[in-house]
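*Asks:* just the structure for this:
(one chain, ligands or ions: 1)
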Amino acid sequence: MFRKNIPVAKPNITFSSVAKLMRAILKKEVSGYSKQYLPQFEAQIAKYVGTKNAVLVNSGTSAIHLALIGIGIKAGDKVAVSSYTNMATFFPILQLGAIPIPVDIESRTWNMDPSDLEKVISQGLKAIVVVHIFGHPANMIEIMKLADQYRVPVIEDCAEALGATHYSQKVGGIGVVGCHSFYANKMITTGEGGALTTNNDDIARRARDFKSLSFGIERKFIHSADGYNFRMTNLQAAVGVGQLKNIDRTIRHKRNIAKFYTELLRTDDRIQLPVELDNNFSVVWMYHIRIKNSNFMKRDQIINDMASAGIEVREGFASYTLQEKVLKLWGQENVRSTPLAELISEQCLYLPSGPKISKTKMRYVVKSLQNSLNRIAES
Ligand SMILES: *Cc1c(COP(=O)(O)O)cnc(C)c1O
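*Replies:* From the prediction side, this is the model:
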């Protein structure tokens, strides 16, 4: 029976990926230097996002790291970042010795709030990192307006949003550089993997250089910088080519799942549901909800209740401003507070959103959630 096991998401890997992966292995084309599938996958990502360049890497986190290096972020530089995100958005900033400035989120999409960005924009920012959280584009029109006015480059973290559009433009090609993740549960997967997309040749060149140990041009082993090994393998690219073929179907699935959950939950005023604002196309990476009157403890209870019903429900991210390490590092009084991001950190859950989930299972998920909420209200 399905009741025993509804995972939060499972990748949908088609035969096309399997066949290409076999071909790569049989030809012994395994490394990050192979020309078998890597150039093809790279070109396809660039074409799909609509940028001149794409640079494949081994993770979304690496992509963010290289994007920061690409625009020249150094120790001591201030970088504004949407406070509510996977901490993978923040860690590369800290690792480069730069100073993250958390920016609060909007109440409907949980993306960076341009009016809060406006409060910090004149503090000498060297970059802005925008996240398209849960697959809904951030308010790029307003953010780019501010960024252009103050000449601050914008990095888009598109890890959850490949295929989403904002005023008909794909995310990842709106700011100066886009960062993508191909982790197992993202819109497409190569197991682990990622990419940068950019129209800026200089950023692409620097990313290529640093992703592969910054080998020297004249003499290979006289390196031009202390580079990384962030290369994607040909095996991953083989899977990726097959995955990208299927992305329209994946997006359709995700949007249908969202539509049906919303139909079932629309009248339940204890829960805030995901939205799609005008002029945006959301890929609804995960069906994320907010339990309005909950807190960390109540949410744990819901997660446990659902687990005993055989349903995997995940807590949403915890904001930058709630990370104990961060507060210790800078001193709590020195970290800008972002109250809405903190509230969502306590109240967000996401429901099973895998490509294979049936309507029967979604009804069961919603019923189990509502049973849990009723139980908590009575206790
Ligand atoms: C998944 C994710 C990342 C990191 O991607 P990895 O490929 O796991 O390194 C970064 N930002 C956001 C918003 C993500 O969801």
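
*Asks:* ok, the residue of the chain found nearest the ligand to residue 294 distance?
*Replies:* Nearest to the ligand in the chain, going by Cβ to the nearest ligand atom, is residue 60, at a distance of 2.5 Å. Quick note: C-beta positions are derived from backbone N, CA and C, even for glycine. Residue 60 sits 29 Å away from residue 294, going by Cβ to Cβ, to the nearest Å.

*Asks:* more crowded one of these two?
*Replies:* Each of residue 60 and residue 294 has its neighbours counted (other Cβ atoms under 10 Å); residue 60 has more, 26 against 20.

*Asks:* relative to residue 190, how far out is the nearest residue to the more buried one once chain neighbours are set aside?
*Replies:* In this structure, residue 60 finds its nearest non-sequential neighbour in residue 181, 2.7 Å apart by Cβ to Cβ, 6 or more residues apart in numbering. As judged by Cβ to Cβ, residue 181 and residue 190 stand 10 Å apart.

*Asks:* ok, now residue 330?
*Replies:* As judged by Cβ to Cβ, residue 330 and residue 190 stand 35 Å apart.

*Asks:* and the two? Which one has more around it.
*Replies:* Neighbour comparison, residue 330 and residue 190: the larger count goes to residue 190, with 31 against 13 (by other Cβ under 10 Å).

*Asks:* any idea how far the nearest residue to that one once chain neighbours are set aside is from residue 32?
*Replies:* Among residues not flanking residue 190 along the chain, residue 236 sits closest, at 3.8 Å (Cβ to Cβ, 6+ apart). Here the criterion is Cβ to Cβ. By it, residue 236 lies 9 Å from residue 32.

*Asks:* also residue 112?
*Replies:* 33 Å.

*Asks:* comparing these two, which residue is more hemmed in?
*Replies:* It is residue 112, of residue 112 and residue 32, that has more neighbours when counted by other Cβ under 10 Å, with 31 against 19.

*Asks:* list the contacts for the spatially closest residue to the more buried one that is not a sequence neighbour?
*Replies:* The shortest distance from residue 112 to any non-neighbouring residue, by Cβ to Cβ, 6+ apart, is to residue 82 (4.0 Å). Taking Cβ atoms under 8 Å, 6 or more residues apart in numbering as the criterion, residue 82 is in contact with 89, 102-103, 105, 111-112, 129-131, 133, 138, 157, 341.

*Asks:* now do 7 Å
*Replies:* Counting by Cβ atoms under 7 Å, 6 or more residues apart in numbering, residue 82 makes contact with 103, 105, 111, 112, 130, 131.

*Asks:* and residue 57, by the same measure?
*Replies:* Neighbouring residues of residue 57 by Cβ under 7 Å, 6+ apart: 63, 66, 194, 195, 196, 211, 230, 232.

*Asks:* those also near the ligand: which ones?
*Replies:* With Cβ under 6 Å from any ligand atom as the criterion, the contacts of residue 57 include residue 194 near the ligand.

*Asks:* tabulate the contacts of residue 57 (JSON lines), appending distance to residue 347.
*Replies:* Below are the contacts of residue 57 laid out as JSON lines (distance: Cβ to Cβ, whole Å):
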{"residue": "63", "distance to residue 347": "29"}
{"residue": "66", "distance to residue 347": "34"}
{"residue": "194", "distance to residue 347": "29"}
{"residue": "195", "distance to residue 347": "32"}
{"residue": "196", "distance to residue 347": "33"}
{"residue": "211", "distance to residue 347": "38"}
{"residue": "230", "distance to residue 347": "35"}
{"residue": "232", "distance to residue 347": "36"}
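
*Asks:* which among the contacts of residue 57 end up buried?
*Replies:* With burial judged by 16 or more other Cβ atoms under 10 Å, the buried subset of these is 63, 66, 194, 195, 196, 211, 230, 232.

*Asks:* for the closest residue to the last one other than its chain neighbours, list each beta-bridge partner.
*Replies:* So that's residue 232. Distances taken as Cβ to Cβ, 6+ apart put residue 56 closest to residue 232, at 4.2 Å, once the chain neighbours are dropped. Residue 56 has these beta-bridge partners by DSSP bridges: residue 195.

*Asks:* and residue 56, what does it touch?
*Replies:* By Cβ under 7 Å, 6+ apart, the residues touching residue 56 are 38, 41, 42, 195, 232, 237.

*Asks:* now intersect those with the helices, please.
*Replies:* When DSSP state H is applied, the contacts of residue 56 are split such that 38, 41, 42, 237 fall in helices.

*Asks:* which residues in the stretch 251-379 of the chain form strands?
*Replies:* When secondary structure is read from DSSP state E, counting those that start in this stretch, the stretch 251-379 of the chain shows strands at 271-272, 280-281, 287-291, 314-315, 348-351.
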